[in-house]
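Asker: sequence first, predicted coordinates after that:
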Amino acid sequence: MPTESFNFDYYLTDYVAMFRKMMEATGQTIPPELDAFLRELERATDLRDSDLEDYLSTGAFSPSVGVARVANQSVADGTLTAISFDTQAFLSTEIFEWDGATKVKVQRSGVVSITGNPLFAPSAVGSRFAGLRINGLVTIANDWRGAIGVVSMGCTVAKLYPVVAGDYVELLVIQGSGGPLNVTGTLELAWLGQSG
């Protein structure tokens, strides 16, 4: 049967309901661990069929996306810059959409886990900043660090954040080395579920 026409939501809900009825009819009690697992399966029916297919193939309820900047991006001194990603490392769902540059859009309302990891080229001067920005307006997490010598320096920003369908996330950087400085980095988002 083609997966496009197979409705996982319907069958999953049906099987969970049948199992619960069978347990009740035979007078058996569902252990708390099994009941929690069944509730998680029932919650999964909120996901689109393609997302549930991802769950069945990976065994995890975490539709996600990862983008990376592999080639050096030059960042001017003292200039707030969105990292322009050049590689989509992975995409396990249609919930996220990368624009091919700086933005990862969330296609569905819910709570997401967002993690950004820029890596700055070596410089013993100034400070480094990394931030997560929503919709080009609000910085929701940041990390400021002083230069540590002549080694590459990474920053990490992470946040659990409630989003509305259409929101997008960017990874921002600033550096104060006195001149341009190269940066690479990654941005990862995982959809944790609907809020509320």
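Answerer: That came in fine, so what should we check first?
Asker: quick one, helices of this protein?
Answerer: 8-25, 32-44, 49-58 (DSSP state H).
Asker: who's in contact with the closest residue to residue 129 other than its chain neighbours?
Answerer: Spatial nearest neighbour of residue 129, chain neighbours left out: residue 174 (4.1 Å); criterion: Cβ to Cβ, 6 or more residues apart in numbering. For glycine as for every other residue, the C-beta is placed from the backbone atoms N, C-alpha and C. By Cβ atoms under 8 Å, 6 or more residues apart in numbering, residue 174 lies in contact with 75, 78-81, 128-129.
Asker: buried subset of the residues you listed, written for PyMOL?
Answerer: Here the buried members of the contacts of residue 174 are turned into a PyMOL selection, burial being counted by 16 or more other Cβ atoms under 10 Å:
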select buried, resi 75+81+128+129
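Asker: where does pLDDT dip in this structure?
Answerer: In the predicted model of the chain, residues 1-14, 41-62, 195-196 satisfy pLDDT under 70.
Asker: span of stretch 17-36 from start to end?
Answerer: By Cα to Cα, to the nearest Å, the extent of stretch 17-36 from end to end equals 14 Å.
Asker: pull out the buried positions in that stretch.
Answerer: For stretch 17-36, it's none, nothing buried (16+ other Cβ under 10 Å).
Asker: give me the distance from it to the chain's centre.
Answerer: In terms of Cα atoms, centre = their mean, to the nearest Å, the centre of stretch 17-36 is found 34 Å from the chain centre.
Asker: list of residues touching that stretch?
Answerer: Contact with stretch 17-36 is made by residue 38, as judged by Cβ under 8 Å, 6+ apart.
Asker: can you list the domains in this structure?
Answerer: By the assignment in automatic domain parsing, the chain contains the domains 3-45, 64-193.
Asker: which of those domains sits most buried?
Answerer: domain 64-193 (a mean of 17; mean count of other Cβ atoms under 10 Å).
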